[in-house]
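A.B. asks: how would this look folded up:
(3 chains)
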Amino acid sequence: MSERIALVDVNNFYVSCERVFDPKLVGRPVVVLSNNDGCVVARSQEAKSLGITTGAPFFQVKQFMQSHGMVVRSSNYELYGDMSARVMEVLSRYGTWQEVYSIDESFIGVQGNPDQLGKLATTIRAAVARSVGVPVCVGVAPTKTLAKFANHVAKHNAHLGGVCSMDSMDPQLVADIQSRVPVTDLWGVGSRTGTRLAGLGITSIADLKAADVTDIRKKFSVVLQRTVLELNGTPCIAHNEERADKQQIMYSRSFSSPVRTIEEMVEVMSIYAQRGASRLMNDGLWATLLTITAGTSRFASGEASFPSITLKLPAPTQDPILLTRLAVGAMREIMLPGASYVRGGVILSGLQPEPEQAVFGIFDAGSDEKHVGDVLGAVKARFGNKSIGLGSGGLATEPGWSMKRDYSSPKFTTEWAEIPVVKA
DNA sequence: TCTGGGGTCCTAGGACCC
DNA sequence: TCTGGGGTCCTAGGACCC
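C.D. replies: Next up is the predicted model:
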């Protein structure tokens, strides 16, 4: 009986979600695009085989995709979020603890001898397929870093049937694989660190595993030191079973057409600040810092401008009126009129639970202004997000810069009007 | 013409205090 | 002319992740 960690993740998650509701997509090359239909963020195996890369700008590969009969979808985060919750619920039944690590993957604590662990991994895979309908891979190992690695092995070796439990593997085979897989494929080693490691002759996972930990600590960081320890079987990355409280809430989007005037940017900030305030209320959090940002395209030749400023709020708040007023006022000051902004954002940080003394708006009274937020929230919950808003945030028609989603699938699971109809 | 969004953790350096 | 040392808190920026 040993304690082990399983890392379960959904294969090509967004594409797999689309396929659940549109089985015609099975077996075909499919890609899902980022917000604003900007670039490719998810690809089916068939699309990967045709050479489509993650992050490829859509406009560059559009022709190629059409000529190969690829299916394109805009991202549908409501659908993916709902499907994610279903997968996580199933996984929670199989672990002694669970840490939801991202929208499509979760660590869970598992126990057993090598034989039992292998069977459990297969059982989990079948359970998710049966109750949610998406394919997963399972990696089982003594540490998180190794569980990630095992998952990687499961994914890249079809004959393993989507599971890989390190306890059942021949150690020599593990060593062979680790000497072939580049160190940058490892969880926690990105391209920057990879370049520096290469300078020291460390290019494979096996090289890093054999490196001197104190030397790594000195030359790099405690983060990479932990990775080396974990590769050698010593768990040292803590699990956060209960969701750690959020540290920040960000609402940031690129625009479908550039924003150049103060009037339009005021509209953007007004809407984004109100979205941020709604999220604060949903999460029961109050912000003490407000950051606003905007940016011109990094790919354009025109005048570059990246205005950004952080304001200390007078007291913890979630008030949409105050946040809107401050965001709009600050942006007026720092933006460069005439520059072609392609994105903007509002970040709320210094988050905390309900404070004893909160500030509500520009008046001193308090209760009435708190009321405004509550009423906005209630109306949105009942009639939808676009039903009400303050100032420019209440525009009934979409502004010219708002997000483009030309290839969206319906909200199959979260919108009554869009639930699929089954005819028997 | 058109290149995503939302997070986390760690570190270095400055301000401030005794 | 000489000009400590140690601690905490905060922030900006780097690196990474999906």
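A.B. asks: Can you get me a residue count around the residue in the stretch 151-300 of chain A that DNA strand C sits nearest to?
C.D. replies: The stretch 151-300 of chain A approaches DNA strand C most closely through residue A:190 (2.3 Å), counting by CB to the nearest atom of the strand. The C-beta positions use only the backbone N, C-alpha and C, and glycine is treated the same way. Residues within reach of residue A:190, counting by other CB atoms under 10 Å, total 9.
A.B. asks: and if you look at residue A:247?
C.D. replies: The number of residues packed near residue A:247 is 8, by other CB under 10 Å.
A.B. asks: The one 3 residues further on now?
C.D. replies: Residue crowding around residue A:250 was assessed by other CB under 10 Å; the count is 14.
A.B. asks: what helix or strand is it on?
C.D. replies: Using DSSP states H and E, residue A:250 falls within strand A:248-259.
A.B. asks: And residue A:97, its phi and psi?
C.D. replies: Main-chain dihedrals, residue A:97, degrees, to the nearest 10: phi -150, psi 160.
A.B. asks: where does residue A:356 fall, helix, sheet strand or coil?
C.D. replies: Secondary structure, DSSP: H, G, I helix; E, B strand; the rest coil: residue A:356 is coil.
A.B. asks: any idea which helix or strand carries the residue of the stretch 301-424 of chain A found nearest DNA strand B?
C.D. replies: Per CB to the nearest atom of the strand, residue A:342 is where the stretch 301-424 of chain A lies closest to DNA strand B, at 4.6 Å. In this structure, residue A:342 sits in strand A:341-349 according to DSSP H and E.
A.B. asks: Identify the residues contacting that strand?
C.D. replies: When contacts are defined by CB atoms under 8 Å, 6 or more residues apart in numbering, strand A:341-349 is touched by residues A:247-255, A:258-260, A:265, A:268-269, A:272-273, A:275-276, A:279-280, A:287-297, A:300, A:305, A:323, A:327, A:335.
A.B. asks: Work out the gap between it and the centre of the chain.
C.D. replies: Computed by CA atoms, centre = their mean, to the nearest Å, the chain-centroid distance of strand A:341-349 equals 17 Å.
A.B. asks: for the helix or strand hosting residue A:116, packing partners?
C.D. replies: Using DSSP H and E, the element containing residue A:116 is helix A:114-131. Judged by 3 or more CB pairs under 8 Å, 6 or more residues apart in numbering; DSSP states H and E, the packing partners of helix A:114-131 are strand A:2-10, helix A:77-92, strand A:105-112, strand A:136-141, strand A:163-165.
A.B. asks: re the thing from before, does the strand holding residue A:250 come close to DNA strand B?
C.D. replies: Yes: residues of strand A:248-259 contacting DNA strand B under CB under 7 Å from any atom of the strand: A:248, A:249, A:250, A:251, A:252, A:253, A:254.
A.B. asks: Leaving out sequence neighbours, find the closest residue to residue A:13.
C.D. replies: Distances taken as CB to CB, 6 or more residues apart in numbering put residue A:104 closest to residue A:13, at 3.7 Å, once the chain neighbours are dropped.
A.B. asks: again, but for residue A:250
C.D. replies: residue A:347 (4.8 Å).
A.B. asks: What residues are bridge-paired with the one you found?
C.D. replies: When bridges are taken as DSSP bridges, the partners of residue A:347 come out as residue A:250, residue A:291.
A.B. asks: Can you tell me what sits against the strand holding residue A:250?
C.D. replies: Applying CB under 8 Å, 6+ apart, the contact partners of strand A:248-259 are A:35-36, A:38, A:265, A:268, A:272, A:275-276, A:279-280, A:283, A:285, A:287, A:293-294, A:340-349, A:351, A:400-404.
A.B. asks: chain center to the next helix or strand after that strand, what's the gap?
C.D. replies: Per DSSP H and E, the first helix or strand lying C-terminal to strand A:248-259 is helix A:262-283. Distance of helix A:262-283 from the chain centroid (CA atoms, centre = their mean) equals 20 Å.
A.B. asks: tell me which strands and helices helix A:262-283 is in contact with?
C.D. replies: Against helix A:262-283 (3+ CB pairs under 8 Å, 6+ apart) you get strand A:248-259, strand A:287-296, helix A:320-334, strand A:341-349, helix A:367-383.
A.B. asks: That helix vs helix A:320-334, what angle?
C.D. replies: Here helix A:262-283 points in a direction 140 degrees away from that of helix A:320-334 (axes from the mean of the first three to the mean of the last three CA atoms, to 10 degrees).
A.B. asks: Buried ones in helix A:262-283, by neighbour count?
C.D. replies: Residues of helix A:262-283 classed as buried by neighbour count (16 or more other CB atoms under 10 Å): A:264-281.
A.B. asks: as a whole number, average confidence for that helix?
C.D. replies: Across helix A:262-283, pLDDT averages out at 96.
A.B. asks: now stretch A:206-222
C.D. replies: For stretch A:206-222, the mean pLDDT works out to 96.
A.B. asks: As CSV, could you dump the C-alpha coordinates of it?
C.D. replies: C-alpha atoms of stretch A:206-222 as CSV (Å, rounded to 0.1, in the frame of the first residue of the first chain):
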residue,chain,number,x,y,z
ALA,A,206,17.4,12.5,-17.1
ASP,A,207,20.1,15.3,-17.1
LEU,A,208,18.0,17.4,-14.7
LYS,A,209,17.2,14.5,-12.5
ALA,A,210,21.0,13.8,-12.1
ALA,A,211,21.9,17.5,-11.4
ASP,A,212,23.2,18.6,-8.1
VAL,A,213,20.3,20.1,-6.1
THR,A,214,22.3,22.7,-4.1
ASP,A,215,23.9,23.8,-7.3
ILE,A,216,20.5,24.2,-9.0
ARG,A,217,19.3,26.1,-6.0
LYS,A,218,22.2,28.5,-6.2
LYS,A,219,22.1,29.0,-10.0
PHE,A,220,18.4,29.0,-10.4
SER,A,221,15.7,29.1,-7.8
VAL,A,222,13.9,27.1,-5.1
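A.B. asks: Do it and DNA strand B come into contact?
C.D. replies: Yes: contact of stretch A:206-222 with DNA strand B (CB under 7 Å from any atom of the strand) involves A:221, A:222.
A.B. asks: quick one: contacts of that stretch?
C.D. replies: Under CB under 8 Å, 6+ apart, the answer for stretch A:206-222 is A:175, A:178-179, A:183, A:186, A:189, A:193, A:196-197, A:200-202, A:224-225, A:227-229, A:231-232.
A.B. asks: Pretty sure residue A:352 sits against residue A:283.
C.D. replies: No: counting by CB atoms under 8 Å, residue A:352 sits too far from residue A:283 to count as a contact (11.2 Å).
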